[in-house]
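J.: Build me a model from this:
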Amino acid sequence: MKIVRRDWIFFAVALVVLGALFIGKGRLKSASVPYDEKHTRIYEDMNKGGDRAVIEKNCQVCHGPRSVPLSKGHPPKEQCLICHKLAQIIK
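T.: Numbers count the residues shown, from 1 in each chain. Predicted structure coming up:
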């Protein structure tokens, strides 16, 4: 079986895609939501099967511009639990 130019192109594209996935794998590593008394309500609501969008509104109570401000480069704060994973979920 002869390997033709089309096969080499396929292998090159596959390597580029795998390389991009491997390089970008660690970029979204952000801090987990701490398992402390300030965040127990979030853990309790998630363990009860609460809606993520509703639970994230509780984050805005403390993490607003006046209390615990977010860093300058922080993305929009309406989707906290997409990047910040829960440290543990009790089932």
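J.: quick one: low-confidence parts of the protein?
T.: 24-29, 65, 76-77, 88-91 (pLDDT under 70).
J.: Next, the buried residues of the longest helix along it.
T.: Of all the segments assigned as helix in the chain under DSSP state H, the longest by residue count is helix 5-23. By 16 or more other C-beta atoms under 10 Å, helix 5-23 has no buried positions at all. For glycine as for every other residue, the C-beta is placed from the backbone atoms N, C-alpha and C.
J.: next SSE after it?
T.: helix 40-47 (DSSP states H and E).
J.: Any buried residues in that following helix, and which?
T.: Residues of helix 40-47 classed as buried: 42, 43, 46 (neighbour count, 16+ other C-beta under 10 Å).
J.: same deal with stretch 54-62?
T.: For stretch 54-62, a neighbour-count test (16+ other C-beta under 10 Å) marks 55, 56, 59 as buried.
J.: I'd guess the last one is in a helix, am I close?
T.: Yes: when DSSP: H, G, I helix; E, B strand; the rest coil is applied, residue 59 is found to be in a helix.
J.: excluding its backbone neighbours, what's nearest it?
T.: residue 80 (4.5 Å; C-beta to C-beta, 6 or more residues apart in numbering).
J.: any idea how far residue 9 is from that neighbour?
T.: 42 Å (C-beta to C-beta, to the nearest Å).
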